[in-house]
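In: A predicted structure for the sequence below; I have some questions about it.
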Amino acid sequence: MWENLGNMMDLVKKVQQNVDNVQNDLKLQRIEVSSGDVIKLTLNGQQELLAIEINPNYLAADNAILLQDLLVATINNGLTKSRELQQTAIGKLTGDLNLPKIPGLF
């Protein structure tokens with residue numbers, strides 16, 4: 001019985017190390033999304049917004065509503081891509097470890 005507990009603890013440590021490695025890798029990955037030549041965003045694989053670039057040609061009071069709408073749409077697009085990247089990485093991790101699929105675990 002104690003041997004099985006030791007094996008389980010080794011597995012838990014291995015899983016935690018692998019999860020930490022995946023999270024570190026995701027933090028280093030960059031995702032760029034844009035709305036034409038107006039807005040360009042850079043995010044990482046942990047849904048962190050790293051940079052916003054706005055083409056200065058569009059910085060005028062009469063473009064404010066357009067810029068706001070494009071910014072929201074572009075951020076949401078970037079977040080979706082970042083979540084997909086994260087889900088792919090976690091899916092690969094759980095597949096490599098042959099873990100059972102437990103809803104909400106990863």
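Out: That came in fine, so what should we check first?
In: For the most centrally placed residue in the chain, which non-adjacent residue is closest in space?
Out: The centroid of the chain falls nearest to residue 45 when counting by CA atoms, centre = their mean (2.8 Å). Spatial nearest neighbour of residue 45, excluding adjacent residues (CB to CB, 6 or more residues apart in numbering): residue 26 at 3.1 Å. In short, each C-beta sits where N, CA and C put it, glycine included.
In: Please apply the same query to residue 77.
Out: Per CB to CB, 6+ apart, closest to residue 77 is residue 33, 5.0 Å.
In: does that neighbour belong to a helix or a strand, and which?
Out: strand 30-35 (DSSP states H and E).
In: could you say what helices and strands that strand packs with?
Out: strand 39-44, helix 64-97 (3 or more CB pairs under 8 Å, 6 or more residues apart in numbering; DSSP states H and E).
In: For residue 18, find the nearest of those.
Out: Closest to residue 18 of the helices and strands packed on strand 30-35 is helix 64-97 (CB to CB; 5.5 Å).
In: just the angle between the closest one and strand 30-35, please?
Out: 150 degrees (axes from the mean of the first three to the mean of the last three CA atoms, to 10 degrees).
In: buried residues in helix 64-97?
Out: For helix 64-97, the buried set under the neighbour-count rule, 16 or more other CB atoms under 10 Å, comprises 67, 70-71, 74-75, 77-79, 81-82, 85-86, 89-90, 93-94.
In: packing partners for the worst-scoring helix or strand of the chain on mean pLDDT?
Out: The helix or strand of the chain with the poorest confidence is helix 2-28; it has a mean of 84 (mean pLDDT, DSSP states H and E). Packed against helix 2-28 by the contact rule (3+ CB pairs under 8 Å, 6+ apart) you find strand 39-44, helix 64-97.
In: Tell me the spacing between the residue nearest to residue 77 and residue 45.
Out: Going from residue 33 to residue 45 by CB to CB, to the nearest Å gives 13 Å.
In: Same question for residue 15.
Out: On the measure of CB to CB, residue 15 and residue 45 end up 19 Å apart.
In: what about the chain, any weak spots by pLDDT?
Out: Within the chain, the segments meeting pLDDT under 70 span 1-2, 96-106.
In: repeat that for 80
Out: Filtered on pLDDT under 80, the chain yields the residue ranges 1-8, 94-106.
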